[in-house]
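In: predicted coordinates and the sequence they were generated for:
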Amino acid sequence: MMSPWIACALGAASFLALLLLLFFVLHIVANGFLSGSGKGLLKNAKRLRRKGRRPRKFTLKEIHMYSEEFSNKIGNGSTNTVFKGNLPDGTEVAIKRPNAESMCSLYVAARTEIQIELLSRIRHQNLVNLVGHSDEAGCQVLLFQYASNGTLYENLHGNEHLTWKQRTKIIGGIAYGLHYLHSCVPPVIHGDLCSQIVLLTEDYAAKIGGIGKSLPGPASAEKEKRDSTTQAEGMEKGEYSSARDVYAFGILIIEIVSGKMITSADGACILDQWTRDISPSQEKMLDFIDPSMHDVPIPELAAAREIVRLCLRSEPHRPTMADIVELVLKDLKITIEAAAPLTSPVTLRGLLELLV
């Protein structure tokens, strides 16, 4: 009969082995499936194809059923209407159906085809990933991951009061997501990064949407206004580059921290102060933040201000997103795990769900 001491030792060894296995798988998932490396992306795309995990094709009949006949409208776009739906396995999805006018637009149809092709090859915890689509009867309906807390814009300029911790988590998530896009081969340029297209999950993790939509063609009045911001720093209208995405990220941090759009008078003043080489006093820095926040750590606020200053530098002195994520990790202390949604495979909870 086995001694109790030996049984205890074997049990402890088994538990330790399980922990090491979980850590190893988590490392593989975080650095392979969700990494920003181009090689990782290409290998992952091949793996998705082999395992049949590419975005699924749905029938219109299925989409009508999952959306309950398009009864729960949650948003309107310039070319589509968005409805909430539920898949049979309980997954919540946002279903984008083209408007009647856009169904006749060759430009919209071509852009949607390119968007599907692009989104079928990328996947990251901080992106609004494509779940599936339907192209029956010449109508492209897209199904995306659903984020229950709406857009970042709504949370910053509505009745919500985001804490400093939530805001730094959002900044980190956007940084990691953008870095992933820029690390793809070839790089994926967003071209329209703003608070309106960043969605927030139930635990306030950021997911970047609108990927693949910034193509030459008609632009909305809102986008024209946002473009004027990047044009002011020397870029031509319609010119998309990783440097422009970095600049837009800096502008977005100002909005996240201050709660103000830089197109407003107050926002323009903050932009001027944050881009100066001379660091403001601690008291002056606190004047720049959203007044609904309390107990903001000055070192972290100073770190956010420095990231903004670097992002808004003129080329070729502007850093890459690879440089920015290092600062996010080092100075804001936001790891890729901390920026992930709770259900992401990069978190332990998400990993256990993936293994089960």
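Out: Perfect, I can see it now. Numbers count the residues shown, from 1 in each chain.
In: now do the contacts for residue 246.
Out: By C-beta atoms under 8 Å, 6 or more residues apart in numbering, the contact set of residue 246 is 178, 311, 318, 319, 320, 321, 324. Using the backbone N, CA and C atoms, a C-beta is placed for each residue, glycine as well.
In: if I look at it, how far off is residue 145?
Out: To residue 145, residue 246 is 25 Å away according to C-beta to C-beta, to the nearest Å.
In: and if you look at residue 290?
Out: Distance, residue 290 to residue 145, by C-beta to C-beta: 28 Å.
In: what do you get for residue 250?
Out: Applying C-beta to C-beta, the value for residue 250 to residue 145 is 26 Å.
In: would you say residue 144 is within a helix?
Out: No - Residue 144: not assigned to a helix; according to DSSP: H, G, I helix; E, B strand; the rest coil it is strand.
In: would you agree it is in contact with residue 128?
Out: Yes - Residue 144 is in contact with residue 128 according to C-beta atoms under 8 Å; the separation is 5.2 Å.
In: overlap in contacts, the two.
Out: Taking C-beta under 8 Å, 6+ apart as the contact rule, residue 144 and residue 128 both touch 94, 209.
In: of the contacts of residue 246 - the most surrounded one?
Out: Counting neighbours by other C-beta atoms under 10 Å, residue 178 leads those with 28 neighbours.
In: packing partners for whichever strand or helix holds that one?
Out: According to DSSP states H and E, residue 178 maps onto helix 164-183. When contacts are defined as 3 or more C-beta pairs under 8 Å, 6 or more residues apart in numbering; DSSP states H and E, helix 164-183 packs onto strand 198-200, strand 206-208, helix 242-258, helix 298-311, helix 321-330.
In: switch to 6 Å and redo it
Out: In terms of contacts (3 or more C-beta pairs under 6 Å, 6 or more residues apart in numbering; DSSP states H and E), helix 164-183 is packed against strand 206-208, helix 242-258, helix 321-330.
In: which of the ones you listed is buried the deepest?
Out: Stretch with highest mean neighbour count among the helices and strands packed on helix 164-183: strand 206-208 (a mean of 25; mean count of other C-beta atoms under 10 Å).
In: which outside residues touch it?
Out: 126, 127, 128, 147, 170, 173, 174, 177, 198, 199 (C-beta atoms under 6 Å, 6 or more residues apart in numbering).
In: for the fifth one, give me the pLDDT.
Out: For residue 170, the model assigns a pLDDT of 98.
In: go on, the last one?
Out: The confidence metric pLDDT takes the value 97 at residue 199.
In: please apply the same query to the second one.
Out: The confidence metric pLDDT takes the value 97 at residue 127.
In: how many other residues sit next to it?
Out: 26.
In: same check, this time on the one 5 residues further on
Out: Neighbouring residues of residue 132 were enumerated by other C-beta under 10 Å; the total is 20.
In: can you list the domains in this protein?
Out: 57-145, 152-355 (automatic domain parsing).
In: sec struct for residue 131, please.
Out: Residue 131 ends up strand, using three-state DSSP.
In: leaving out sequence neighbours, find the closest residue to it.
Out: Among residues not flanking residue 131 along the chain, residue 143 sits closest, at 4.4 Å (C-beta to C-beta, 6 or more residues apart in numbering).
In: one step back: least confident of the domains of the chain, on average?
Out: domain 152-355 (a mean of 83).
In: does the residue nearest to residue 131 really touch residue 91, like I thought?
Out: No - the pair residue 143 and residue 91 does not pass the contact test of C-beta atoms under 6 Å, sitting 9.3 Å apart.
In: the stretch 51-200 of the chain: helices as residue ranges?
Out: 60-66, 106-119, 152-157, 164-183 (DSSP state H, counting those that start in this stretch).
In: quick check: angle from the longest one to helix 242-258?
Out: Looking back up the chat, that one is helix 164-183. Helix 164-183 runs at 170 degrees relative to helix 242-258, counting by axes from the mean of the first three to the mean of the last three C-alpha atoms, to 10 degrees.
In: could you check the angle helix 106-119 makes with helix 164-183?
Out: Going by the same axes, to 10 degrees, helix 164-183 makes 100 degrees with helix 106-119.
In: mind saving the C-alpha coords of helix 164-183 as PDB?
Out: Output in PDB follows, covering the C-alpha atoms of helix 164-183 (Å, rounded to 0.1, in the frame of the first residue of the first chain):
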ATOM      1  CA  TRP A 164      -8.400  55.800 -14.700                       C
ATOM      2  CA  LYS A 165      -7.700  52.000 -14.500                       C
ATOM      3  CA  GLN A 166     -10.400  51.300 -17.100                       C
ATOM      4  CA  ARG A 167      -9.000  54.000 -19.400                       C
ATOM      5  CA  THR A 168      -5.400  52.800 -19.200                       C
ATOM      6  CA  LYS A 169      -6.700  49.200 -20.000                       C
ATOM      7  CA  ILE A 170      -8.500  50.700 -23.000                       C
ATOM      8  CA  ILE A 171      -5.300  52.500 -24.100                       C
ATOM      9  CA  GLY A 172      -3.300  49.300 -23.800                       C
ATOM     10  CA  GLY A 173      -5.800  47.300 -25.700                       C
ATOM     11  CA  ILE A 174      -5.900  49.700 -28.600                       C
ATOM     12  CA  ALA A 175      -2.100  49.800 -28.600                       C
ATOM     13  CA  TYR A 176      -1.800  46.000 -28.800                       C
ATOM     14  CA  GLY A 177      -4.500  45.700 -31.400                       C
ATOM     15  CA  LEU A 178      -2.900  48.400 -33.600                       C
ATOM     16  CA  HIS A 179       0.600  46.900 -33.200                       C
ATOM     17  CA  TYR A 180      -0.800  43.500 -34.300                       C
ATOM     18  CA  LEU A 181      -2.300  45.100 -37.500                       C
ATOM     19  CA  HIS A 182       1.000  46.900 -38.300                       C
ATOM     20  CA  SER A 183       3.000  43.600 -37.700                       C
END
